[in-house]
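Undergrad: Any chance you can model this:
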Amino acid sequence: MPDLPPSRLRPSRPAVRPALAAVLAALALLAPAARAQGAGAVPLSYAAARAGMLERSDRLAAARAGVEAGELQSRGLAGLGGPSISISGAAYAYGLHLQPDLSGLSEGLGQIALPGLGALLPVPLPQLPQLVSDDLLHRHDQRASASVSAVWPLYLGGATDAARGIVAGQTQEARADAEQATAESDTLLAQRYFGAQLAQRAADLRAQAERTIAQHDAAAQKMLDAGVISRVERLQAQAAYEDARRQAAKARDDAELAATALARTVHAPGPVAPDTPLFVLAEPIEPLGYFLDAAMTRHPGLAKVAAKKQQAEQLHAGQEALRRPQVFAFGTRQLRGSDANWVAGIGARWTLLDALDRNALAAASLKKIEQAERSDAQARSDIALLVERNWRAVENARRQVLAMAPAEALAREVLRLRTAGLREGTSTTLDLIDAETRLAQVLTERAQAANDYVQALAQLLQSAGLGERLPDYIARSDIRLE
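TA: Numbers count the residues shown, from 1 in each chain. Okay, here's the model as predicted:
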């Protein structure tokens, strides 16, 4: 066996360990070349992605249509309870056949008692015929008539105000649903946008690892031919290469799927490549109280509960209005000469008894109001807890990213020493691989922590009703993973 450098005489270790494929993925982070973004992919910033989502999202368009429908309905009912004026007309022809009926006169005649004889000798009178003639009088004519009528409810017990209030509450509920849909869409966009970026980073890492392990596999074959390594070590290198190929293919598929999901979210006509990097704010964000206060005033869930309460209150008011009398003015006049017929007056109606149990209905509407109040209290408690959980998740992710800075510096220095040692013969190839492995692990964990930070921040902003402000935090960030 030929003489070998001291570095080659150390106790042998497996040339390639089972996790080597994932470990060597770190080489992509060290490569100076730009990451591949996919053939034909258009760079897309987060601001542009959000603008495209807001403009072309079918879900948001449906929510906006619901709000506009409620607003139009409210506008249409603005004059409910006011006067109503209508005009009507008719043209007609008629034919009358009048036949004088004498049956009533015959019954009146009956019989006459002669004077002096009293009722002893009634004298019957002759009966008249029922009809004077079969066709005594004929009349045919054509006429036209027109009239104008007006009705003005003067007092309906508050029913019209209750009806308008119910519609206004429904519009408010639709607006809250639209705000909730926008907030959820913002969170989904952040998840898919930065998730696609992370998936592309992982695919690049796997692709670089595949290329690196392919070189190592070829070198292992040469070392086996030279008798430097054993057959087992050669098989380990070959197995690692096959595993790297499989992992690279899977990562590539995952990246393509994530890119497709992002493109569909923003309704892009073709593939897109997110170019806003993962980010972290080195300093803590606003205190917890800031987000709690914002949530109590801006969260769309609370607005929806308030809308439900308004509808319940107006329903109760409408049911109470039905207990009161209704007063209205009315009038109608024929549209013809000065001798036209007309009528005008004031009417009133008060239902004293009907088949409905008004007391039970009123109690039911009061329970609806109580239900809305209880739901509001529970929603405020749940939202406050959610805000605090998300706020703490943001802080934990921030601290984790910052805590990795010393470990990254150490890993880079060890890699530098191992690279120099390999040239000088004081380190082995496996020492270099271990150093690369450690740096890759630190950088991968740091990227994942940054993504966790972004996702937690997006969820925090949604829970506080501030989902549209994520671009402001991107602009304020001072740590970016380009």
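Undergrad: now the end-to-end length of stretch 347-365.
TA: Length of stretch 347-365, first residue to last, Cα to Cα, to the nearest Å: 30 Å.
Undergrad: and that stretch, which residues are buried?
TA: 362, 365 (16 or more other Cβ atoms under 10 Å). (Glycine included, C-beta is placed from N, CA and C.)
Undergrad: which residues are in contact with that stretch?
TA: Stretch 347-365 is touched from outside by 312, 315-316, 319-320, 322-330, with contacts defined as Cβ atoms under 8 Å, 6 or more residues apart in numbering.
Undergrad: for that stretch, the distance to its chain's centre please.
TA: 39 Å (Cα atoms, centre = their mean, to the nearest Å).
Undergrad: How about stretch 70-89?
TA: With Cα atoms, centre = their mean as the basis, stretch 70-89 stands 33 Å off its chain's centre.
Undergrad: Make residue 1 into 106 and carry on from there
TA: Let's use 106 as the start, then, which means that last one is stretch 175-194.
Undergrad: Contacts for that stretch next, please.
TA: 249-258, 261, 264-266, 268-269, 272-273, 275-277, 279-280, 440.
Undergrad: did I read that right, residue 148 in a strand?
TA: Yes - using DSSP: H, G, I helix; E, B strand; the rest coil, the secondary structure at residue 148 is a strand.
Undergrad: how about stretch 336-351: buried residues?
TA: For stretch 336-351, a neighbour-count test (16+ other Cβ under 10 Å) marks 338, 339, 341, 342, 345, 346, 348, 349, 350 as buried.
Undergrad: same deal with stretch 306-317?
TA: Residues 306, 307, 308, 309, 310, 311, 312, 313, 314, 315, 316, 317 are the ones in stretch 306-317 that count as buried (16+ other Cβ under 10 Å).
Undergrad: And the average pLDDT for it is what?
TA: Averaged across stretch 306-317, the pLDDT comes to 78.
Undergrad: Same check on stretch 526-533?
TA: pLDDT averaged over stretch 526-533 gives 72.
Undergrad: which among the buried residues of stretch 306-317 gets closest to residue 583?
TA: Distance ranking of those against residue 583, using Cβ to Cβ, places residue 306 first at 20.5 Å.
Undergrad: What sits closest to the closest one if chain neighbours are left out?
TA: Distances taken as Cβ to Cβ, 6 or more residues apart in numbering put residue 552 closest to residue 306, at 6.3 Å, once the chain neighbours are dropped.
Undergrad: Would you map the helices across the chain?
TA: Using DSSP state H, the helices of the chain run over 125-128, 132-135, 151-161, 163-181, 208-214, 264-330, 336-370, 393-403, 405-426, 463-529, 534-568, 575-581.
Undergrad: got TSV for the ones you listed, with distance to residue 196 too?
TA: Shown next, in TSV, are the helices of the chain (distance: least, Cβ to Cβ, whole Å):
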stretch	distance to residue 196
helix 125-128	91
helix 132-135	89
helix 151-161	55
helix 163-181	33
helix 208-214	36
helix 264-330	36
helix 336-370	62
helix 393-403	63
helix 405-426	41
helix 463-529	46
helix 534-568	66
helix 575-581	69
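Undergrad: what about these, which gets the closest to residue 444?
TA: Nearest to residue 444, of all the helices of the chain, is helix 208-214, at 32.3 Å by Cβ to Cβ.
Undergrad: Please, a PyMOL command that selects the buried ones among the contacts of stretch 452-470?
TA: Buried members of these, defined by 16+ other Cβ under 10 Å, are picked up in PyMOL with:
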select buried, resi 417+420+421+424+425+427+431+432+433
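Undergrad: Return the member of the contacts of stretch 452-470 nearest to residue 561.
TA: residue 417 (36.2 Å).
Undergrad: so what secondary structure elements neighbour the top strand by length along the chain?
TA: In the chain, taking DSSP state E as the definition, the longest strand is strand 242-260. In terms of contacts (3 or more Cβ pairs under 8 Å, 6 or more residues apart in numbering; DSSP states H and E), strand 242-260 is packed against strand 189-203, strand 431-439.
Undergrad: Using TSV, lay out those together with distance to residue 561 and mean pLDDT.
TA: Listed next are those as TSV, based on distance: least, Cβ to Cβ, whole Å; pLDDT from 0 to 100:
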stretch	distance to residue 561	mean pLDDT
strand 189-203	58	73
strand 431-439	58	85
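Undergrad: Please identify the deepest-packed of these.
TA: strand 431-439 (a mean of 15; mean count of other Cβ atoms under 10 Å).
Undergrad: still on that earlier bit, tabulate the helices and strands packed on strand 242-260 (JSON lines), appending distance to residue 544.
TA: Formatted as JSON lines, the helices and strands packed on strand 242-260 follow (distance: least, Cβ to Cβ, whole Å):
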{"stretch": "strand 189-203", "distance to residue 544": "81"}
{"stretch": "strand 431-439", "distance to residue 544": "83"}
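Undergrad: Quick check: which ranges of this structure have low pLDDT?
TA: In the predicted model of the chain, residues 106-145, 197, 199-244, 442, 527, 530, 532-539, 541-542 satisfy pLDDT under 70.
Undergrad: if you skip the residues just before and after it, what's nearest to the spatially most central residue of it?
TA: Most central in the chain under Cα atoms, centre = their mean is residue 286, positioned 2.2 Å from the mean C-alpha point. Among residues not flanking residue 286 along the chain, residue 168 sits closest, at 4.5 Å (Cβ to Cβ, 6+ apart).
Undergrad: got a list of what that neighbour touches?
TA: 279, 282, 283, 286, 287.
Undergrad: on that earlier part again, export the buried residues of stretch 336-351 as JSON lines, with columns for distance to residue 548.
TA: JSON lines is the format used below for those (distance: Cβ to Cβ, whole Å):
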{"residue": "338", "distance to residue 548": "28"}
{"residue": "339", "distance to residue 548": "30"}
{"residue": "341", "distance to residue 548": "25"}
{"residue": "342", "distance to residue 548": "24"}
{"residue": "345", "distance to residue 548": "21"}
{"residue": "346", "distance to residue 548": "23"}
{"residue": "348", "distance to residue 548": "21"}
{"residue": "349", "distance to residue 548": "18"}
{"residue": "350", "distance to residue 548": "22"}
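Undergrad: Kindly provide the distance from residue 258 to residue 504.
TA: Applying Cβ to Cβ, to the nearest Å, the value for residue 258 to residue 504 is 67 Å.
Undergrad: Residue 164 too?
TA: Distance from residue 164 to residue 504, by Cβ to Cβ: 36 Å.
Undergrad: Run through the residues that contact the closest residue to residue 574 other than its chain neighbours.
TA: Distances taken as Cβ to Cβ, 6+ apart place residue 566 nearest to residue 574, at 5.8 Å, with adjacent residues excluded. Neighbouring residues of residue 566 by Cβ under 8 Å, 6+ apart: 291, 572, 574, 575, 578.
Undergrad: Counting neighbours, what do you get for the third one?
TA: What it means is residue 574. The number of residues packed near residue 574 is 14, by other Cβ atoms under 10 Å.
Undergrad: Look up how far residue 559 lies from it.
TA: Distance of residue 574 to residue 559, computed by Cβ to Cβ: 13 Å.
Undergrad: What of residue 553?
TA: 11 Å.
Undergrad: again with residue 430
TA: Per Cβ to Cβ, residue 430 is found 63 Å from residue 559.
Undergrad: again, but for residue 181
TA: Residue 181 is 45 Å from residue 559, by Cβ to Cβ.
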